[in-house]
Structure formats: structure tokens, C-alpha cells
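Chemist: Next comes the sequence, and after it the predicted model I'd like to discuss.
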Amino acid sequence: VFGWGTMGALISPLTLSTPGTAKRVFSAIASDDSTSVASGLQIFDKKVGSGASPQNGDLVVLNYVGKLENGEVFDSTRARNKPIAFVYGGRPFAGVCKGMLQGIQGMKPGGQRVLVVPPDLGFGKQEQVIKQATCNGVFCDKGPPPPDVIVPANAVLTYEIELIKVNKIPAQMQR
């Protein structure tokens, strides 16, 4: 059963291991439109973009900030100042969980969303170590790289995503 928050946001009965996580997540997006998908993914539109939504085989370019339940950032294209690009609907892209792929569906360029990803659409039952830098110049020019982040098993993840661009890939370039 879902309930409506005081500002119109859909609030689900997520069981989060850190007290106050749901309150922080939902208070930050309380005035936004929201959708819950049958898989348990929750989608909160911050800004609706314009243009065509990605279709299988399109090249998508996006920025994201991934956070743990305690608010700690475990990965961010914004911090690296380097968006990711991948073929939508193709082989899974390293570091992009199923929940993020589902959350991109229906977005339009310029759109921004917050995704609350349940464990089975995130990293699942296995703890993950997210490497923060390989000293390739992204962080090294600003001092030592930040420490790796451990994503606990069965973690609920929050992603702030922005779809920057959707490009059609010419048929001769598709496999």
C-alpha cells in the first residue's frame, strides 16, 4: 500500500536500514511527481525534458550521482565531470544497475529524476567495492584519490540522474 505525503509525493513503505533515510529522500523530493514501477523502483521526476525518449539501440548520455542510504555518495559522474554514454537496451554497461536502466525509460533529454532503487535492482545480495579513482588525472590533480566506497549487501540506492542526450546510431554501426 502506498500513501501520499503532505506535498503530493508518493511514499512507499520501503524498509530502509538507516533510520530517517526515507524521510530524507522523500522530503527532498516531496513536491515532485512520482511513479512506482511493479519491480519496486520508485521514480520521482524533478524536471521533464523534451524530445525523443531513448529506444533500444540509441546512444544515451547521462550524468548521475549514486548515494547510499546514509547519504554517502558512492559514485558520481558529476564529480568526475565526465558523463557516461552507452547503447540503451544493449549489453549491460559496467556500473549501471538494472534500476537505473529502468529509470531511464521514458525520460527525455534535459530531464532529471531521482530513483530509489531496491536491492534486487541495485547491487543485490553481494557487497560491492566501488573504486573511486585509478589516478588517471580525474582526481590525482586535486590531491590523493578519495577512498573506495563499500556498498553493503542489500542496500537501497538513490540515484539523481539527468539525461543529457539521446542519439540515433546509424543502422550500419549497430551490431
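Modeler: Looks like it arrived, so ask away.
Chemist: Where is the longest strand in this protein?
Modeler: Ordering each strand of the chain by length in residues (DSSP state E) puts strand 157-167 first.
Chemist: who does the host helix or strand of Val114 touch, helix- and strand-wise?
Modeler: Element membership for Val114, per DSSP states H and E: strand 112-117. Packed against strand 112-117 by the contact rule (3 or more C-beta pairs under 8 Å, 6 or more residues apart in numbering; DSSP states H and E) you find helix 21-28, strand 42-47, helix 98-104, strand 157-167. For every residue, glycine as well, the C-beta is placed using N, CA and C.
Chemist: Look at Lys125 and say how many residues are nearby.
Modeler: Lys125 is flanked by 8 other residues according to other C-beta atoms under 10 Å.
Chemist: Without its sequence neighbours, what residue ends up closest to it?
Modeler: Ala153 (5.3 Å; C-beta to C-beta, 6 or more residues apart in numbering).
Chemist: Contact partners for the one you found?
Modeler: 119, 123-127 (C-beta atoms under 8 Å, 6 or more residues apart in numbering).
Chemist: so can I have CSV of the helices and strands packed on strand 112-117 showing mean pLDDT, mean neighbour count and distance to Thr77?
Modeler: Converted to CSV, these look like this (pLDDT from 0 to 100; neighbours: other C-beta atoms under 10 Å; distance: least, C-beta to C-beta, whole Å):
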stretch, mean pLDDT, mean neighbour count, distance to Thr77
helix 21-28, 45, 17, 20
strand 42-47, 95, 20, 16
helix 98-104, 92, 21, 12
strand 157-167, 96, 20, 9
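Chemist: Thanks a lot, catch you later.
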